[in-house]
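Student: no FASTA, just this:
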């Protein structure tokens, strides 16, 4: 069976306006610090957490979150 | 959760996509088909009236992440529902059988005229791209409707150097933001050269060579004219395809507070109308509602207990951005009475405000942050705590 793809979750702080909706969508993957900046806790997204990461990306009103897709290391 | 279950998600915008993702997030491993009537892949709408309209954002920035393990059926509209056969009827295609159905067909722009002429609206990506092009050649822009969308469009047009007139039957945004905040927006709008005309009574759109270029009152007198008229007068739920299906429709597709429509059918997003404890059905077409309803609907469809449902336990979150004011709100709209200034100042237009709950026992008041960076969770907490003071 082929290796499932995984992704890397990142935040573009130049775009981020601190809405914090990513944290509501995926508290398992990131949290807000005291300045309401998102801090990614799980950057390398395991396949089982991909829907959650997608939800965080989708919840951002200013599209500041990204998942870059890379092939999982063999 | 049997392995071969097939869930059809009708509607591929924010609510539909979020619901499909939530189904996977909850561990559903059957088939999911996401049905969308637009030819674009799923995208997000908030930037359409702002960054996309002024060209500050690349068009592709609106597209949502592609969902793994979901069959996307784009450019296909659901036209009927036969619950006795568990099928969604599609335009020009074979019907689609479902074991579970998510109704998330959203809403479309309301129009002021009927018939052949096409008004300019900002609901879809194609609308926004078309309007951007039309703005290029326009100097005078008239906006019908002074709600969130209308004022955002007016702000975008003003920032492009257009001469802008907003026409509404009531004072713009007062019914949503209350007198203080709507007053701040109107002051800022005036500073940007935007004229606001409050005209009680209905309005209609006049056309020249197919281009909407003037607003008329119901007696035919001219209210405003320009090179183009943009219509921003609310939205209409896309529920006609459910007529005759037996699904309860009351201002929207009626759902309970767990987003249930019927056994095996749930609903989420702009198309739904939530039946409250007092029996009234309320449609609240907002982004944060779409997301929370999508999660709740997914859990309900899978027979899981939704966390809290969509009963009004957490304050809803809203935001708008116009004329240099970034306004975020949590709680009930409009806020009523005098707010407490928690930080900053109204005069500086950088302020954090809170209003106590009015009359009814909602369990929370309203909090607003104007040009004041604060996350949705923190703002919601303030809206909840304001009661205790």
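Tutor: Nice, I can see it. Worth saying up front: this structure is predicted, and the values here are computed from it rather than measured.
Student: beta partners for residue 10?
Tutor: In the absence of a named chain, this looks at chain A. In this entry, residue A:10 is beta-bridged to residue A:66, by DSSP bridges.
Student: ah, I was thinking of chain B
Tutor: With DSSP bridges as the rule, residue B:10 is bridged to residue B:35, residue B:103.
Student: ok, the nearest residue to residue B:300 once chain neighbours are set aside to residue B:270 distance?
Tutor: Distances taken as CB to CB, 6 or more residues apart in numbering or on different chains place residue B:258 nearest to residue B:300, at 4.6 Å, with adjacent residues excluded. In short, each C-beta sits where N, CA and C put it, glycine included. From residue B:258 across to residue B:270, the span is 18 Å (CB to CB, to the nearest Å).
Student: Counting neighbours, go ahead and name the busier of the two.
Tutor: Taking neighbours as other CB atoms under 10 Å in any protein chain shown, residue B:258 and residue B:270 compare with residue B:270 leading, 27 against 18.
Student: isn't that one right next to residue B:285, touching?
Tutor: Yes - look at residue B:270 against residue B:285 with CB atoms under 8 Å: they come within range, at 3.8 Å.
Student: joint contacts of the two?
Tutor: B:107, B:235, B:237 (CB atoms under 8 Å, 6 or more residues apart in numbering or on different chains).
Student: Format those residues as JSON lines; extra columns: neighbour count and secondary structure.
Tutor: Formatted as JSON lines, those follow (neighbours: other CB atoms under 10 Å in any protein chain shown; DSSP: H, G, I helix; E, B strand; the rest coil):
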{"residue": "B:107", "neighbour count": "19", "secondary structure": "strand"}
{"residue": "B:235", "neighbour count": "18", "secondary structure": "strand"}
{"residue": "B:237", "neighbour count": "21", "secondary structure": "strand"}
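Student: who are the neighbours in contact with the residue lying closest to residue B:198 once chain neighbours are set aside?
Tutor: Nearest residue to residue B:198, sequence neighbours excluded (CB to CB, 6+ apart): residue B:171, at 5.6 Å. Applying CB under 8 Å, 6+ apart to residue B:171 gives the contacts B:146, B:182, B:186, B:196, B:198.
Student: Kindly supply the PyMOL command isolating those of these that are buried.
Tutor: Entered in PyMOL, the line below selects the buried ones among those, by 16 or more other CB atoms under 10 Å in any protein chain shown:
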select buried, chain B and resi 146+182+186+196
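Student: Which of the contacts of residue B:171 fall in helices?
Tutor: Counting by DSSP state H, those place B:182, B:186 in helices.
Student: any chance of the contacts of residue B:171 in JSON lines, with pLDDT too?
Tutor: Listed next are the contacts of residue B:171 as JSON lines, based on pLDDT from 0 to 100:
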{"residue": "B:146", "pLDDT": "96"}
{"residue": "B:182", "pLDDT": "97"}
{"residue": "B:186", "pLDDT": "98"}
{"residue": "B:196", "pLDDT": "97"}
{"residue": "B:198", "pLDDT": "96"}
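Student: so for the longest helix seen in chain A, what's the average pLDDT?
Tutor: Longest helix of chain A, by residue count under DSSP H: helix A:50-59. Across helix A:50-59, the average pLDDT comes to 86.
Student: what do you get for stretch A:12-23?
Tutor: Averaging pLDDT along stretch A:12-23 yields 90.
Student: and the closest residue to chain A within chain B, how many neighbours?
Tutor: Closest residue of chain B to chain A, CB to the nearest CB: residue B:375 (2.7 Å). Using other CB under 10 Å, residue B:375 is surrounded by 25 other residues.
Student: Tell me the predicted confidence for it.
Tutor: Looking at residue B:375, the pLDDT reads 93.
Student: so how many other residues sit close to the residue lying closest to it once chain neighbours are set aside?
Tutor: Counting by CB to CB, 6+ apart, residue A:20 is the residue found nearest to residue B:375 once chain neighbours are left out, at 2.7 Å. For residue A:20, the neighbour count with other CB under 10 Å is 25.
Student: for residue B:62, same thing?
Tutor: Residues within reach of residue B:62, counting by other CB under 10 Å, total 20.
Student: and residue B:172, that one's in a helix?
Tutor: No - applying DSSP: H, G, I helix; E, B strand; the rest coil, one finds residue B:172 to be coil, outside a helix.
Student: can you tell me which residues contact it?
Tutor: Residue B:172 is in contact with B:146, B:147, B:150, B:151, B:166, B:182, B:185, B:186, B:189, B:196, B:198, counting by CB under 8 Å, 6+ apart.
Student: now do 10 Å
Tutor: Contact analysis of residue B:172 by CB atoms under 10 Å, 6 or more residues apart in numbering or on different chains lists B:143, B:145-148, B:150-151, B:154, B:166, B:182, B:185-186, B:189, B:194, B:196-198, B:322.
Student: Quick check: phi and psi at it.
Tutor: Phi and psi for residue B:172, reported as degrees, to the nearest 10, are phi -50, psi 130.
Student: where's it relative to residue B:149, distance?
Tutor: Taking CB to CB, one finds residue B:172 at 11 Å from residue B:149.
Student: Now do the shared contacts for those two.
Tutor: Jointly contacting residue B:172 and residue B:149 under the rule CB under 10 Å, 6+ apart are residue B:143.
Student: what about residue B:19, which SS state?
Tutor: Under three-state DSSP, residue B:19 comes out as helix.
Student: what's the helix or strand for the spatially closest residue to it that is not a sequence neighbour?
Tutor: Closest residue to residue B:19 apart from its sequence neighbours, by CB to CB, 6+ apart: residue B:294 at 4.0 Å. Residue B:294 is part of helix B:287-301 when elements are defined by DSSP states H and E.
Student: quick one: that helix to helix A:50-59, angle?
Tutor: 160 degrees (axes from the mean of the first three to the mean of the last three CA atoms, to 10 degrees).
Student: now helix B:287-301, how far from the centre of its chain.
Tutor: Between the mean C-alpha location of helix B:287-301 and the chain-wide mean there is a distance of 15 Å, by CA atoms, centre = their mean, to the nearest Å.
Student: Then stretch A:35-48?
Tutor: Using CA atoms, centre = their mean, the offset of stretch A:35-48 from its chain centre is 5 Å.
Student: Buried residues, it. List them.
Tutor: A:36, A:38, A:40, A:45.
Student: ok, now stretch B:96-105?
Tutor: Buried-residue list, stretch B:96-105, by 16+ other CB under 10 Å: B:96, B:98, B:100, B:101, B:102, B:103, B:104, B:105.
Student: And the furthest pair within those residues?
Tutor: Spanning the widest gap among the buried residues of stretch B:96-105 are B:100 and B:105, at 15.8 Å by CB to CB.
Student: what about the helix or strand harbouring residue B:7, average pLDDT?
Tutor: Secondary structure from DSSP H and E places residue B:7 in strand B:6-10. Strand B:6-10 shows a mean pLDDT of 98.
Student: Identify the residues contacting residue B:92.
Tutor: Residue B:92 is in contact with B:75, B:76, B:77, B:79, counting by CB under 10 Å, 6+ apart.
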